[in-house]
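Trainee: Build me a model:
(chains A and B, ligands or ions: 2)
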Amino acid sequence: MGKTFKRPEALTETDTHYCPGCTHGIIHRLVAETIDELGILGKTVGIAPVGCAVLAYNYFNCDFQEAAHGRAPAMATGIKRVRPDLMVFTYQGDGDLASIGMGEIIHAANRGEKFTTIFVNNAIYGMTGGQMAPTTMPDQRTTTSPFGRNVEDVGMPIKVAELLAALQTPAYITRQTVIKPKYINKAKKAIKQAFTYQLEKKCFSLVEVVSTCPTNWGMTPLDAIEWTEKTLLEYYKLGDYKIPA
Amino acid sequence: MPKVLMKGNEAIGEAAIRAGCLNYFAYPITPQSEVAEYLVRRMPEVGGVFLQGESEVAVGYMLFGAAGAGARVFTTSSSPGISLMSEAISYIAGAQCPAVFVNIVRGGPGLGGILPSQGDYFQATKGIGHGDCRMLVMAPASVQEAVEMVMKAFPLAEKYRNPVMVLGDGLIGQMMEPVEFPDHLKSEPTNKDAWSTNGMDHRNSKKRNIVKSLFLDPALLNDNNLQLKAKYDQMRSDEVMFEAYNTDSEYKGLVVSFGTMSRVCRTAIDLMKADGIEIAMIRPKTLFPFPEKAVADASKKPTCTHIISVEMNMGQMVEDVDLSVKGHLPVSWYGKCGGEIPTPEEIIDVVKSRIA
Ligand SMILES: Cc1ncc(C[n+]2csc(CCOP(=O)(O)OP(=O)(O)O)c2C)c(N)n1
Ligand code: SF4
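Mentor: Numbering: from 1, shown residues only, chains lettered A, B, ... in the order given. Ligands and ions are numbered 1, 2, ... in the order given. Next up, the predicted model:
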């Protein structure tokens, strides 16, 4: 029997800097498998965010640009407009996309820019040490909500997939997670679908991936998975929110 | 090519196309929105890209993305818009990508006013973005010169892989003058395979390119900034442009002035000459690199007693003039802002009183 499992060509051999139990690595792998399967490595440009995935350019084997905090969708727009033949994806956290970069993602989606966004929602700012994000759950403790997120004071967490799905421009918007194998297969299909829509020059595509940050949640990796399933997935419902006609 | 009568803003748009730049991203702001209104029609005719972004912040990064992918790209804006682009300009400089920014300056600070100003001198030459970044800045004094500078900006940006700015006061954008689009300034795009994210297939390579300004290792950041410094030093030695006016005379005073303001100063100098008073002028065409040596040399004329920097702001370039003269003669400033432009008569009065 030949090899049945190997490192995707789209991933470098570099060890990642992600913490144990962090799901960024799994998401990287799903994106890389998709790039391999579609045979697009040589024409793909990734855009790294400012956040824990800032060094994504070390892990993917394709051309990469490093954005400023939140601006990846504007950079992807610039690339796609001047080189529509390239396959472009942004990889962004929830602070990056849903806070400082909210304007850029809404307008890119609304213009129907033909790139793909992988939106990693871990309900916290990972890289800067666990501050509150726009996606932080009610009563969730972070370093800037030490007594729990007070929704009277700072509002409810933002549901990005639902918000973008409300735009009238056709798009593919879906929410997935990768905390267990049963979810991973679906997430993989969604990521591949998103890239396929781009390949067909059909529409903007965004896959929100509900993710873990055991380090800043102050949990073991197993507890983090359980908390994600019980708390985050209750609020951030999985599924397709918009499919192009 | 025959001369055509054109509004500055439209001529700037056309100049970019003639220079081979077919990619334009912008956000509307007075007094330069005519560039976008011109290019939205013109770009499709030449198979180019036109996109109105959602903000100047986004436009700055559209330029960064497009430039990183190897395209020749530019934007136009005015003062408050340039402030919003300054983060992107810093990233573009840090990542060593070429891009051209045109600033048709209006009065500030804040929302300021919409009339011509030179109030962004400091921002353009010294404080365009955080970190150790600088831009090559050219300042046209006529629509014709704006055309030539825009056309030169692209090859310069590509030569240095750095942002280049054409800084015109509002009048340059708004006035109509006869212009000729010179053929000899047409520039060929350079080979960007060595660094741009134009796709591995596109350049027939298995080696990926990464466009970034992040260097977590202090030694690598230091290296990158040394590379930037070497480029800025080379600009200082190779790219200085200025015009010397009436410097062959035995002048008693030296005026330093750029852009539209220098045209008023020229009239004042001609009127004084007719009256028997010799005054010379150095007109910087590049603001960074500043023509330090030209100003220093001109200040050494034995008959010269005073140097005046005349600006449409509250005194910004005067600091560079002062640094150039190095204290051996008095240096002073005269100017107005908010859209008020000093008249030749005012300049004559000021010059006469200071050289006395
Ligand atoms: C303009 C700007 N503001 C703030 C920061 C600091 N900063 C770096 S990463 C980050 C938050 C990242 O959080 P998120 O996007 O949720 O990604 P994660 O680290 O959780 O993957 C912040 C605020 C910055 N680099 N730039
Ligand atoms: S801090 Fe959180 S998001 Fe960042 S690598 Fe660690 S677990 Fe992952």
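Trainee: Could you check how many residues crowd around residue 134?
Mentor: All of this refers to chain A. If you count neighbours by other Cβ atoms under 10 Å in any protein chain shown, A:P134 ends up with 19. Just so you know, the C-beta spots here come from the backbone N, C-alpha and C atoms, and that holds for glycine as well.
Trainee: Chain B, not that one
Mentor: Residues near B:R134, counting by other Cβ under 10 Å, number 23.
Trainee: Count residues in the vicinity of the residue lying closest to it once chain neighbours are set aside, would you?
Mentor: The shortest distance from B:R134 to any non-neighbouring residue, by Cβ to Cβ, 6 or more residues apart in numbering or on different chains, is to B:Y232 (5.1 Å). Neighbours of B:Y232 under the rule other Cβ under 10 Å: 19.
Trainee: secondary structure element for B:Y232?
Mentor: According to DSSP states H and E, B:Y232 maps onto helix B:218-238.
Trainee: now A:L164
Mentor: helix A:160-165.
Trainee: distance of B:K186 from B:F101?
Mentor: To B:F101, B:K186 is 21 Å away according to Cβ to Cβ, to the nearest Å.
Trainee: Compare neighbour counts for those two and give me the winner.
Mentor: Between B:K186 and B:F101, B:F101 has the larger neighbour count (other Cβ under 10 Å), namely 29 against 13.
Trainee: Please report the distance of the more buried one from ligand 1.
Mentor: Note on B:F101: its distance to ligand 1, by Cβ to the nearest ligand atom, to the nearest Å, is 20 Å.
Trainee: ok, now which ones touch that residue?
Mentor: Contact analysis of B:F101 by Cβ atoms under 8 Å, 6 or more residues apart in numbering or on different chains lists B:63, B:74-77, B:82, B:85, B:89, B:135, B:163-166.
Trainee: Is it correct that the residue nearest to B:R134 is in contact with B:V137?
Mentor: No: contact criterion Cβ atoms under 8 Å: B:Y232 and B:V137 do not qualify, at 11.7 Å.
Trainee: where along the stretch 1-150 of chain B do the strands fall?
Mentor: For the stretch 1-150 of chain B, applying DSSP state E, counting those that start in this stretch gives strands covering B:4-7, B:23-26, B:49-52, B:74-77, B:99-105, B:136-138.
Trainee: Select, out of those strands, the one closest to B:D238.
Mentor: Comparing the strands of the stretch 1-150 of chain B by their distance to B:D238 (Cβ to Cβ), the top pick is strand B:136-138, with 10.4 Å.
Trainee: can you list contacts of the closest one?
Mentor: Residues outside strand B:136-138 that contact it (Cβ under 8 Å, 6+ apart) are B:124-125, B:149, B:152-153, B:156-157, B:160, B:162-167, B:235, B:239, B:241, B:285-289.
Trainee: give me that answer again for 7 Å
Mentor: B:124-125, B:149, B:153, B:156, B:160, B:162, B:164-167, B:235, B:239, B:285-288 (Cβ atoms under 7 Å, 6 or more residues apart in numbering or on different chains).
Trainee: any idea of the mean pLDDT for that strand?
Mentor: Strand B:136-138 carries an average pLDDT of 98.
Trainee: Next: stretch B:149-158.
Mentor: For stretch B:149-158, mean pLDDT is 97.
Trainee: what phi and what psi does the backbone show at B:A268?
Mentor: phi -60, psi -40 (degrees, to the nearest 10).
Trainee: how many other residues sit next to it?
Mentor: Per other Cβ under 10 Å, the neighbour tally for B:A268 reads 25.
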